[in-house]
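A.B. asks: model this:
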Amino acid sequence: MQSTKHTILGAAAALILAACGAAAPAAPTAAPATKATEPAKPASAETVTIEYWQYNFQVRIDAINDLIKQFEAANPGIKVIHNSEIPNADFQTKIAAASAAGVGPDVVTLFNGWVPAWVDAGYIIPLPEKDFPPADIEKNFTSLVQGTKFQGKYWAIPTAVRSLALFWNKDMFKAAGLDPEKPPATLDEFVDYAKKLTKTEGGKITQQGFAVEMSGQAHQWFREVLTRQFGETPFSPDNKTVNYGSAKACQAFTWLTKLETEAKTGSNDLFDGATTAFTNGKLAMHIDGSFRLGALNSAKGLNFGVGVLPTRNDIKANFGSFWTHGITKKAAADPKKLDASIKFLKFITTPAAGTLWVKYTGELPAQLSAAADPALAADPKLGAFAKAMPYSIATFFVDEAKQRQALIDAFDAVRLQGVDPCKALADAAKKDQALYDDFWAKHK
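C.D. replies: Residues are numbered from 1 along each chain as shown. Here you go, the predicted model:
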């Protein structure tokens with residue numbers, strides 16, 4: 001199996017999809033519309049209906065609704081039902097139940113870290129190579145897309161990708177006597193700023209400098225960024241050995257836990273979680289993905305900046321990820337639905353779709369030609385994510401949910417039970433190693 005851990009490239013290349021028969025999507029209403037490249041076809045005597053499922057996240061819902069509207073206009077014989085009512089936490093459970101019952105989506109979104117598990121469960125089929133030639137995928141998409149390659153085949157293809165960045169509240173910086181246009185550049189500065197930005201009254205925190213949101217992006221920040229900045233790599237090159245239980249990785253984990261246990265700059269238990277706290281002006285600094293921009297840009301009264309992640313010993317690192325789209329076994333069982341699903345999947349992964357997606361969600365285009373737009377790197381908020389792409393790493397997960405939970409449990413053991421950070425981390429690494437051992441034993 002080819003490793004799914006790849007550096008994300010930012011170079012440009014034209015995306016050739018002449019054979020797809022799909023119109024190029026238009027930009028959202030906030031930008032000039034792009035006309036379809038294919039004229040609308042006469043209404044078909046028979047309409048083929050397919051279902052597209054994604055988890056409930058409003059900006060992504062809006063983006064897909066726009067694309068569906070354009071797709072249906074260019075393909076009047078196809079109707080797309082959009083199911084976006086399922087919470088993220090319940091999404092895999094719902095997919096499992098639907099698949100077992102022979103119902104559910106024909107085209108489905110999934111986190112890139114779920115691909116091996118979904119293949120094993122039989123939820124999705126390999127992308128038909130005549131419609132999605134592997135050589136074209138590798139030529140025209142960011143190399144991160146190889147994270148959807150498993151057992152020598154591509155199983156899904158993304159519209160957009162994302163990395164992590166530091167969000168900061170400019171008004172809070174100014175009030176604390178810090179330069180509102182300059183976020184902390186190093187981890188030492190980060191701790192110093194977090195302390196200065198924390199306010200308490202009567203022993204209670206009223207304003208947080210920084211809160212570790214392990215259930216959000218903090219587990220990714222620790223695993224792929226902090227461990228590297230403290231001199232460790234989280235996994236072996238062949239993705240078979242878990243390294244983040246080492247002494248160097250423990251230094252990184254200890255540093256992270258001390259933000260809450262010693263510096264007391266905040267807690268994810270407060271103000272309905274770190275993401276909500278930052279949105280509502282109760283948190284000064286937050287680490288999150290580019291997908292958060294859509295919601296934060298619409299938050300009233302929030303004056304924020306976005307910068308690259310702080311470094312240690314000049315080591316730059318970042319975590320890259322994406323939600324991708326696959327075709328289900330349900331669609332494959334019906335030739336007409338399969339054909340319609342292929343057309344829809346091609347449509348929502350064109351360069352124009354990637355450009356539309358970034359305007360709605362803040363995620364960067366997965367297509368190299370669209371990602372090469374100089375305006376992305378120059379954008380005051382998108383620029384930090386674009387700059388991090390060349391050194392962003394995608395984790396090869398064998399069970400993303402369990403691996404995330406292992407680090408959540410380790411962090412909670414330290415902050416709530418006083419467990420030694422090295423022991424808590426070693427326990428998490430041991431759980432992860434068992435998952436990988438079991439996975440690779442089944443895929444020799």
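
A.B. asks: gap between the longest helix along the chain and the chain center?
C.D. replies: For the chain, the helix with the greatest residue count under DSSP state H is helix 421-442. In terms of CA atoms, centre = their mean, to the nearest Å, the centre of helix 421-442 is found 23 Å from the chain centre.

A.B. asks: which elements pack onto it?
C.D. replies: helix 247-261, helix 400-417 (3 or more CB pairs under 8 Å, 6 or more residues apart in numbering; DSSP states H and E). To be clear about C-beta, it is placed using only N, CA and C from the backbone, and glycine gets the same treatment.

A.B. asks: now mean neighbour count and mean pLDDT too, for the ones you listed, in JSON lines please.
C.D. replies: Listed next are the helices and strands packed on helix 421-442 as JSON lines, based on neighbours: other CB atoms under 10 Å; pLDDT from 0 to 100:
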{"stretch": "helix 247-261", "mean neighbour count": "20", "mean pLDDT": "98"}
{"stretch": "helix 400-417", "mean neighbour count": "18", "mean pLDDT": "96"}
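
A.B. asks: let's have the ones you listed in a markdown table, adding distance to Asp179.
C.D. replies: Conversion of these to a markdown table gives the following (distance: least, CB to CB, whole Å):
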| stretch | distance to Asp179 |
| --- | --- |
| helix 247-261 | 22 |
| helix 400-417 | 31 |
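
A.B. asks: low-scoring stretches of this structure, by residue?
C.D. replies: 1-45 (pLDDT under 70).

A.B. asks: what sits against the residue nearest to Lys199 when sequence neighbours are not counted?
C.D. replies: Spatial nearest neighbour of Lys199, excluding adjacent residues (CB to CB, 6 or more residues apart in numbering): Gln207 at 3.9 Å. By CB atoms under 8 Å, 6 or more residues apart in numbering, the residues touching Gln207 are Met172, Leu197, Thr198, Lys199, Lys282, Leu283, Ala284.

A.B. asks: quick one: which of those sit in helices?
C.D. replies: Going by DSSP H, the helices hold Met172 from these.

A.B. asks: between the contacts of Gln207, which sits nearest Lys343?
C.D. replies: Leu283 (43.8 Å; CB to CB).

A.B. asks: let me see the contact set for the closest residue to that closest one other than its chain neighbours.
C.D. replies: Take Leu283 and drop its neighbours on the chain: the residue closest to it by CB to CB, 6+ apart is Ala277, 3.8 Å away. Applying CB under 8 Å, 6+ apart, we find Ala277 in contact with Gln208, Ala211, Gly266, Leu270, Phe271, Leu283, His286.

A.B. asks: what's the answer for Pro380, then?
C.D. replies: Gly305, Val306.
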